[in-house]
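> Whatever this is, show me its structure:
(chains A and B)
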Amino acid sequence: MLATHAQSGESGGMPQLNPEFWVSQIVWLVLTFGLLYIILSKLILPKISNNLETRKSQILENIETAEKQREESDKKLKEFEKIILESKLEAKNYFNEARQKIQEDITNKRNALDKDIDDEIRAAEQEIKNLNTASREKIKNIAVETSSELIKQLIGEETNNSSISAIVEEQSKKNKEEQHGI
Amino acid sequence: MAANPMYQFNVYRIGPEIKLGSVDISFTNASLFMVISTLAVLIIFNLGAKKKSLIPDKIQLLAELSYSFVSKMISDTAGSKAKPYFSFIFSLFMFVLFCNMFGMIPYSFTVTSHIIVTFTLAAFIFIGVTVIGFIKHGFGYLKLFVPSGVPIILLPLIVVIEIISYLSRPVSLSVRLFANMMAGHTMMKVFGGFVISLGIIGGWLPLSFSVALTGLEILVAFLQAYVFAILTCIYLNDALNLHH
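Residues are numbered from 1 along each chain as shown, chains lettered A, B, ... in the order given. Predicted structure coming up:
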């Protein structure tokens, strides 16, 4: 301890208070710190600040682009959905049209067929009616002829055909009435 | 000789004696560590500023985080008007930080443990801030010494106190840094000496203290650089925004 006291005795215990190198320290401090300040402020710090700004703006730009693309894709999606909806509607229309057409076809054909059948039925009915009236006339004629023949053979005398036919007419009418009356 | 805890603060000449007129401005170990710290800051930040990648690598991240850190510190304490002084405060913070940190390496020299260095920095800041204050506000800057809302009777006393506190700024700023550095390094040296003198049996306790102190000193090295820079910002704030 004595030795150390003797050692530092020349500077009063603290080398910091020894003014021997004070000027030197100030000079070198000014030199080094000045150099540091000049290089940092003129060369390095602007670069770092620039880098930070660039990054900031680039990130903002990227976000903007992403937003734009998202909007675009949303639009496209909507368009796509619209197309799908339209095509669905179109398909429905096609289907409806086809159904309508088929239905029309069916009704047309059925109508035609009905008409044909009706015509045929009518023709057949007409024929039956004709036949009916014709046969009645024939039967009447036959009856008149047979009656006049019979009378001729029985009496041997020509009779007036018209009177016989009037009697037959009356008889057949009566018959008819009896038939219907039953 | 090396057992003296103050020995580490000795300044000695490296190389030839350089004289400017009658003053000695020789290159010393203090000068050496100033140069080393300056070069280290410049190299690291130059590397960190070189690349322009969108996703930064480690050194770029370090540089950019330091930039944002100091930038935020200035805008928080001194507002947007202090922007032109960003480079100075950044340089100051980095210089003090690197000098403190290089001092933590064994057998190195701590530049900031010398009162003349810290006082030169503090005096420059004090004069600079005062000049800025007078340029910005003219003689209105003297209102700094007259706080508003003080009774007239107390005013003379308050003004005297304010002037003394203003004038003591460079002293408190420089002594705070210098004393912290010197005390920390002296303590480490003393505990290191205890390890040797107590030997293998009793030396473990001071050794563990030394380990803890090393961690504490690294914290102090950062903290004092931060305090030095932030106090500069606060003084600058007074000069720029004159709140009193």
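
> Around the residue of chain B found nearest chain A, how many other residues sit close by?
For chain B, the residue closest to chain A is B:Ser87, as judged by C-beta to the nearest C-beta, at 3.3 Å. Where C-beta positions appear, they are placed from N, C-alpha and C, glycine not excepted. Counted with other C-beta atoms under 10 Å in any protein chain shown, the neighbours of B:Ser87 add up to 18.

> separation between it and B:Phe27?
Distance from B:Ser87 to B:Phe27, counting by C-beta to C-beta, to the nearest Å: 27 Å.

> What of B:Met104?
B:Met104 sits 23 Å away from B:Phe27, going by C-beta to C-beta.

> the helices in the chain, which residues?
By default, I'm working from chain A. Secondary structure of chain A, counting by DSSP state H: helices at A:2-8, A:22-39, A:45-155, A:161-181.

> Hmm, no, I was thinking of chain B.
In chain B, the helices defined using DSSP H lie at B:29-50, B:58-78, B:86-103, B:115-137, B:155-167, B:169-202, B:204-241.

> what would those helices look like in TSV with distance to B:Met6 and mean pLDDT?
Formatted as TSV, these follow (distance: least, C-beta to C-beta, whole Å; pLDDT from 0 to 100):
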stretch	distance to B:Met6	mean pLDDT
helix B:29-50	15	94
helix B:58-78	33	93
helix B:86-103	15	95
helix B:115-137	13	95
helix B:155-167	30	92
helix B:169-202	7	92
helix B:204-241	17	94
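
> Highest mean neighbour count out of those helices?
Comparing the helices of chain B by mean neighbour count (mean count of other C-beta atoms under 10 Å in any protein chain shown), helix B:86-103 ranks first with a mean of 23.

> For A:Ile167, the count of nearby residues, please.
By the measure other C-beta under 10 Å, the count of residues near A:Ile167 is 13.

> same check, this time on A:Ile151
Applying other C-beta under 10 Å, we find 14 residues neighbouring A:Ile151.

> how much space between the closest residue in space to it that isn't next to it in sequence and chain B?
Nearest residue to A:Ile151 in three dimensions, chain neighbours excluded: A:Thr159, at 5.1 Å (C-beta to C-beta, 6 or more residues apart in numbering or on different chains). Taking C-beta to the nearest C-beta, to the nearest Å as the measure, A:Thr159 and chain B are separated by 138 Å.

> before we move on, could you check phi and psi at A:Thr159?
For A:Thr159, the backbone dihedrals (degrees, to the nearest 10) come out as phi -110, psi 160.

> Test my guess that it contacts A:Gln153.
No. Using C-beta atoms under 8 Å, A:Thr159 makes no contact with A:Gln153, being 11.4 Å away.

> anything in stretch B:172-188 near chain A?
Yes. Stretch B:172-188 reaches chain A (C-beta under 8 Å from any C-beta of the partner chain) through B:Phe178, B:Met182.

> same deal with stretch B:53-73?
Yes. With C-beta under 8 Å from any C-beta as the criterion, chain A is reached by stretch B:53-73 at B:Leu54, B:Gln60, B:Ala63, B:Glu64, B:Tyr67, B:Ser68.

> I'd like those as JSON lines, with distance to A:Ile59 appended.
Formatted as JSON lines, these follow (distance: C-beta to C-beta, whole Å):
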{"residue": "B:Leu54", "distance to A:Ile59": "8"}
{"residue": "B:Gln60", "distance to A:Ile59": "16"}
{"residue": "B:Ala63", "distance to A:Ile59": "18"}
{"residue": "B:Glu64", "distance to A:Ile59": "14"}
{"residue": "B:Tyr67", "distance to A:Ile59": "17"}
{"residue": "B:Ser68", "distance to A:Ile59": "15"}
